[in-house]
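> Model the structure of this input:
(chains A and B)
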Amino acid sequence: GAVVSQHPSWVICKSGTSVKIECRSLDFQATTMFWYRQFPKQSLMLMATSNEGSKATYEQGVEKDKFLINHASLTLSTLTVTSAHPEDSSFYICSEVRGTDTQYFGPGTRLTVL
Amino acid sequence: QKEVEQDPGPLSVPEGAIVSLNCTYSNSAFQYFMWYRQYSRKGPELLMYTYSSGNKEDGRFTAQVDKSSKYISLFIRDSQPSDSATYLCAMGSNQGGKLIFGQGTELSVKP
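Reported below is the predicted structural model:
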């Protein structure tokens, strides 16, 4: 069964608004979660590493003030896309790390910014 | 040069065929190798993971790693229409669980 959930699965918003995406670990205390973005027909691009109780680590080129990550508990990480624009429309996927290297992915959230 | 190269396909095969999916990589620091399957509009699902050169089999799936050639493969035997998906290779090097993904190969198995 699923080990990671995301909510919402699909969201449409107006340009300039903010959208929060939740990623929940269902049966594991995840100290580390990752956030990815995936454009159509392309691979997963790592955006940031979410660490429980500390600041997220962002990949080069990802604006930390635009993509706010909060990992306040061992089972929940949130990604907030602030002042969203049409170019932010994408498929956002989170994953949790179990052990040293195995990642389990959420079902993804499709964001469409009008 | 990308760290991980994967033929994006699309690849179309008849039901029952043997499918070979491949990735090459350039970073010799990669220590573990994974294959994920991703259905349309869904998150990736872990299929196989390996740590050493050689073959690992799980049902109809066989993962093969050749570290000397920096080449990994996933073989699917007796392919089924339900195998139609995008297959992503991924590799890591003990950097906090970070993975580098290939572009993904889109596979279609025709009944």
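
> List the residues that contact the residue most central in space within chain A.
Geometric centre of chain A, nearest residue: A:Trp35, 3.8 Å, by CA atoms, centre = their mean. Contacts for A:Trp35 (CB atoms under 8 Å, 6 or more residues apart in numbering or on different chains) come out as A:Cys23, A:Leu46, A:Met47, A:Ala48, A:Ser50, A:Phe67, A:Ile69, A:Ser77, A:Leu79, A:Tyr92, A:Ile93, A:Cys94. In short, each C-beta sits where N, CA and C put it, glycine included.

> Take those residues and keep only those in strands.
Among the contacts of A:Trp35, DSSP state E puts A:Cys23, A:Leu46, A:Met47, A:Ala48, A:Ser50, A:Phe67, A:Ile69, A:Ser77, A:Leu79, A:Tyr92, A:Ile93, A:Cys94 in strands.

> what bridges to the residue nearest to the last one when sequence neighbours are not counted?
This means A:Cys94. With sequence-adjacent residues excluded and distances taken as CB to CB, 6 or more residues apart in numbering or on different chains, A:Cys94 is closest to A:Cys23, at 3.5 Å. Per DSSP bridges, the residues bridged to A:Cys23 are A:Gln6, A:Ser77.

> For A:Cys23, which residues are in contact?
Residues near A:Cys23 by CB under 8 Å, 6+ apart: A:Val4, A:Ser5, A:Gln6, A:Met33, A:Trp35, A:Leu76, A:Ser77, A:Thr78, A:Leu79, A:Cys94, A:Glu96, A:Gly106.

> and with 6 Å instead?
Taking CB atoms under 6 Å, 6 or more residues apart in numbering or on different chains as the contact definition, A:Cys23 lies against A:Gln6, A:Ser77, A:Cys94, A:Gly106.

> likewise B:Tyr49?
Per CB under 6 Å, 6+ apart, neighbours of B:Tyr49: B:Met34.

> element containing it?
strand B:45-50 (DSSP states H and E).

> List of residues touching stretch B:51-69?
With contact meaning CB under 6 Å, 6+ apart, stretch B:51-69 is reached by B:Tyr32, B:Phe33, B:Trp35, B:Met48, B:Thr50, B:Ile72, B:Ser73, B:Leu74, B:Phe75, B:Ile76, B:Arg77, B:Asp78.

> try stretch A:38-55
Here stretch A:38-55 makes contact (CB under 6 Å, 6+ apart) with A:31-37, A:56-59, A:62, A:69, A:71, A:74, A:77, A:90-91, B:101, B:103-104.
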